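In: take this sequence and fold it.
(4 chains)
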Number of protein chains: 2
Amino acid sequence: MAKVNLKQLAQQLDVSISTVSKALRGSYEIGSETKKRIIDTAREMGYSPNPYAGSLRHHKSKTIALVAPELTNNFFIQAITGAEIVAQEKGYHILIYCTHDDAEKEKSILMHLQNGRVDGVIMSLASTTQSYTHLEELIQSGIPIVFFDRICHEIETAKITTDDFTSGFNATEHLIQNGCHDIAYLCVSENISTDNKRKQGYLEALNKYGLKADKQRIIKCNGDEKINYRKIKKLMSGTKKPDGLFASIEKLALTTYYVCNDMKIKIPQTLKIICFSNLRTAPLLNPSLTTITQPAFEMGKQAASILFKNLDKKRTLISNENIVLKSELIKRNSTKK
Amino acid sequence: MAKVNLKQLAQQLDVSISTVSKALRGSYEIGSETKKRIIDTAREMGYSPNPYAGSLRHHKSKTIALVAPELTNNFFIQAITGAEIVAQEKGYHILIYCTHDDAEKEKSILMHLQNGRVDGVIMSLASTTQSYTHLEELIQSGIPIVFFDRICHEIETAKITTDDFTSGFNATEHLIQNGCHDIAYLCVSENISTDNKRKQGYLEALNKYGLKADKQRIIKCNGDEKINYRKIKKLMSGTKKPDGLFASIEKLALTTYYVCNDMKIKIPQTLKIICFSNLRTAPLLNPSLTTITQPAFEMGKQAASILFKNLDKKRTLISNENIVLKSELIKRNSTKK
DNA sequence: AATATTTGCGAAAACGTTGTAGTTAATTTT
DNA sequence: AAAATTAACTACAACGTTTTCGCAAATATT
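Out: Numbering: from 1, shown residues only, chains lettered A, B, ... in the order given. Predicted coordinates for the structure are as follows:
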């Protein structure tokens, strides 16, 4: 059964609605005997308060939105899982939205969140997002945002990232130390914060070891799988091919594996590959893939924790805070000397 | 800006609240001139109706819950992605809940959904779920459920599955045809519908080819990774080892890969492996993994479509309907002769 | 010209809560 | 014994919508 509300409970118990409400919230205004009686029958009748009535009164929904560029990606899924666990602990609910890496869709989703459906937002930017007015507007309308991974520097709030510069540097250095002299960098977009930092790390490492950076070696891959495949194939077809490859996202490393399979290019003998990835199967690939693995789960947990903490304090503006977690470079066979 | 409501709009326009409300919903009661004036200023002032006020009036939230046993699994993620796309099209919102394959948590989550927070539920059962009263109660309280993959036969509603029996049969037959005589089956739980059907297919194939079924060859693996590892290791350590292995879920095949790696067992020479999986990296594993791949994305889409269609018609009871999609057996090197 | 209908709008109730401001009756203080 | 306090409860407004009903003025029908 169900759909029992305060009114029905009150009728049943022959007390007023307010009394029932207060008793259930443990108010000291209600005598302990009545309180017990009310609580008991409430349980008996399976009473559960209508969340929307409460939301309407309090302008709080106990719900947050998690906005991610894609879902079919272990990094984001692990982050979501982390956030979900914290949400269940704290009694919050999570609405999931996927921008499919499309700035327009991102804008539209955030617009629809301005009306109080959620109390706050955890998000990672779409790679095509250029303007930040939709983010500012959301915050202006009283809904705080916490960013993770693909953050927006321009906005003052909490941001959870990993040490992308250092990781980019380490990844490149690792390739160099294992004998690479000509290293390509596969990225998604110059807009996104992570990609940029990783590239800077890459360039810095090249510089440190006296390798010159070549713009031709920085390949921007967009969303379409087939176009990426062709771009990478072209990269591996010239007379001067790279002997190392650093992919900023998992998907691009996998595409490279396919290209190498098809072109009979041997990994790691001819090409060494390293990649940002949370793939569980990295150790089982042929060859096993050297990865920089981000603490995605932890990032999701922290993002959620910070958001909830602020929401519970009724803070609608979250102070600037950069939380930087460490990624781990896991050496495997794809970069073996 | 924001937080503008009907009252403020009405004040600004010097008309009544009802007039504004009606105009915005395109009522024929309002003159076209006034209507235009209202719609224009509403847009100007960035009005967006408070969703919870509407929900309270209509007892409809335009929100559904998606309850899955785990998130870090490509099958469920693809299904969620499918559902999310349909939801965005239809103007619905999706709350995500993860049971972590725990019947108690599942129960608790569903209990919390009885109060009208969602209009309907899409779910896949936890493997430990034995009793179905919490499902029945939810439906009794007017919230319809659509099941996908791990369904509950006992409850009358729409269910989206794949042809698990046939797939189980085909998988086993494939192993037999490639020379296996002693095939183990790794499963999660006898409770879950999919597992059961797959096992029946497995047994049927053994029977057809005159191989006798051995209870020792049916290994029940629970959630814990380490225990699974030990169970599989034990399986591969006896004097009489299986020469074929059929895993009902992805995770178990991967664990088997690890076991074989560690024990220097050669796949497919010594052991052939086939597995239900939506892993994108199946072709890149060492060796590439033969899979039965479910149309997860499509399953999510269909589950959502059916649910929304019923909700839009204000149907709170969904008629029994079994939608069975076809899985695909993709032959790769892990089962090569 | 008297009556009936239509058009355009507003008042107010309702959805299920919560919290403020009473209102009794019992108890304590003076 | 009168006044003040406290304890235990209730009435009611409010949150932001939607919708039913009502009402006047304008128009159409006899």
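
In: which residues does A:Glu321 contact?
Out: Listed by Cβ atoms under 8 Å, 6 or more residues apart in numbering or on different chains, the contact set of A:Glu321 reads A:Thr157, A:Ala158, A:Lys159, A:Ile306. For the C-beta atoms, the positions are set from N, CA and C on the backbone; glycine is no exception.

In: now flag whichever of those is closest to B:Ser18.
Out: A:Thr157 (39.3 Å; Cβ to Cβ).

In: how many residues are close by that closest one?
Out: For A:Thr157, the count of nearby residues is 21 (other Cβ atoms under 10 Å in any protein chain shown).

In: for it, give me phi and psi.
Out: Note on A:Thr157: its backbone torsions stand at phi -170, psi -170 [degrees, to the nearest 10].

In: doesn't A:Ile318 make contact with it?
Out: Yes - counting by Cβ atoms under 8 Å, A:Thr157 touches A:Ile318, with 4.6 Å between them.

In: overlap in contacts, the two.
Out: Contacts common to A:Thr157 and A:Ile318, judged by Cβ under 8 Å, 6+ apart, are A:Pro144, A:Ile145, A:Val146.

In: and chain B, which of those residues reach it?
Out: The overlap between these and the neighbours of chain B (Cβ under 8 Å from any Cβ of the partner chain) is empty.

In: which of those residues tops the neighbour count?
Out: A:Val146 (26 neighbours).

In: any weak-confidence spans in the stretch 1-150 of chain A?
Out: Along the stretch 1-150 of chain A, the model assigns pLDDT under 70 to residues A:1-2.

In: ok, A:Val67 to DNA strand D distance?
Out: Noted for A:Val67: a distance of 23 Å to DNA strand D, by Cβ to the nearest atom of the strand, to the nearest Å.

In: just give the strands next to the helix or strand harbouring that residue in its sheet, each with its orientation.
Out: Assigned by DSSP states H and E, A:Val67 falls within strand A:63-68. Partners of strand A:63-68 in the sheet, by DSSP bridges, are strand A:93-98 (parallel), strand A:120-123 (parallel).

In: list the contacts of the nearest residue to A:Thr281 once chain neighbours are set aside.
Out: Distances taken as Cβ to Cβ, 6 or more residues apart in numbering or on different chains put B:Thr281 closest to A:Thr281, at 4.7 Å, once the chain neighbours are dropped. By Cβ under 8 Å, 6+ apart, the contact set of B:Thr281 is A:Leu254, A:Leu279, A:Thr281, A:Leu284, A:Leu285.

In: can you read off the pLDDT for the second one?
Out: To tie it back to what came earlier, the one meant is A:Leu279. On pLDDT, A:Leu279 comes in at 95.

In: contact partners for the closest residue to A:Leu95 other than its chain neighbours?
Out: Excluding its sequence neighbours, the residue lying closest to A:Leu95 (Cβ to Cβ, 6+ apart) is A:Ala65, at 4.7 Å. The contact partners of A:Ala65, by Cβ under 8 Å, 6+ apart, come to A:Ile94, A:Leu95, A:Ile96, A:Tyr97, A:Ile109, A:Leu113, A:Arg117, A:Val118, A:Gly120, A:Val121, A:Ile122, A:Met123.

In: show me which of those residues is closest to DNA strand C.
Out: The nearest member of the contacts of A:Ala65 to DNA strand C, counting by Cβ to the nearest atom of the strand, is A:Arg117 at 16.3 Å.

In: which ones are touching the closest residue to chain B within the stretch 151-300 of chain A?
Out: Checking the stretch 151-300 of chain A residue by residue against chain B with Cβ to the nearest Cβ singles out A:Asn286 as nearest, at 3.4 Å. Shown in contact with A:Asn286 (Cβ under 8 Å, 6+ apart): B:Leu284, B:Leu285, B:Asn286, B:Pro287, B:Ser288.

In: B:Ser193 versus the second one, what's the distance?
Out: Taken as Cβ to Cβ, to the nearest Å, the spacing of B:Leu285 relative to B:Ser193 amounts to 28 Å.

In: where does the stretch 201-337 of chain A dip in pLDDT?
Out: In the stretch 201-337 of chain A, no residues with pLDDT under 70.

In: make it 80
Out: The stretch 201-337 of chain A contains residues with pLDDT under 80 at A:222-223.

In: show me where it has helices.
Out: In the stretch 201-337 of chain A, the helices defined using DSSP state H, counting those that start in this stretch lie at A:225-235, A:250-263, A:296-312.

In: what does the last one contact?
Out: What that stands for is helix A:296-312. Outside helix A:296-312, the residues touching it (Cβ under 8 Å, 6+ apart) are A:60, A:64, A:74-87, A:90, A:92, A:119-120, A:122, A:144, A:146-149, A:158, A:160, A:162, A:278, A:316, A:318, A:321, A:323, A:325.

In: kindly confirm my reading that A:Ala87 is in a helix.
Out: Yes - assessed with DSSP: H, G, I helix; E, B strand; the rest coil, A:Ala87 lies in a helix.

In: burial of it, as a residue count?
Out: A:Ala87, neighbours per other Cβ under 10 Å, totals 27.

In: likewise for A:Lys241?
Out: Applying other Cβ under 10 Å, I find that A:Lys241 has 15 neighbouring residues.

In: now swap in A:Tyr257 and tell me
Out: That count, for A:Tyr257 with other Cβ under 10 Å as the rule, works out to 23.

In: need the contact list for the nearest residue to A:Leu24 once chain neighbours are set aside.
Out: Nearest residue to A:Leu24, sequence neighbours excluded (Cβ to Cβ, 6+ apart): A:Ala42, at 6.0 Å. By Cβ under 8 Å, 6+ apart, the contact list for A:Ala42 reads A:Leu9, A:Val20, A:Leu24.

In: was I right about the second one contacting A:Gln12?
Out: No - between A:Val20 and A:Gln12 there is no contact under Cβ under 8 Å: 9.3 Å.

In: between the two, which is the more surrounded one?
Out: A:Val20 (26 against 15).

In: list the buried residues of the host helix or strand of that one.
Out: In the assignment (DSSP H and E), A:Val20 maps to helix A:17-24. Buried residues in helix A:17-24, defined by neighbour count with 16 or more other Cβ atoms under 10 Å in any protein chain shown: A:Thr19, A:Val20, A:Ser21, A:Lys22, A:Ala23, A:Leu24.

In: just stretch A:162-181 next, same as before
Out: So, applying 16+ other Cβ under 10 Å, buried residues of stretch A:162-181: A:162-176, A:178, A:180.

In: just to revisit the earlier point, what's the ChimeraX syntax to select whichever of the contacts of helix A:296-312 are buried?
Out: Buried members of these, defined by 16+ other Cβ under 10 Å, are picked up in ChimeraX with:
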select /A:60,64,74,75,76,77,78,79,80,81,82,83,84,85,86,87,92,119,120,122,144,146,147,148,149,158,160,162,278,318
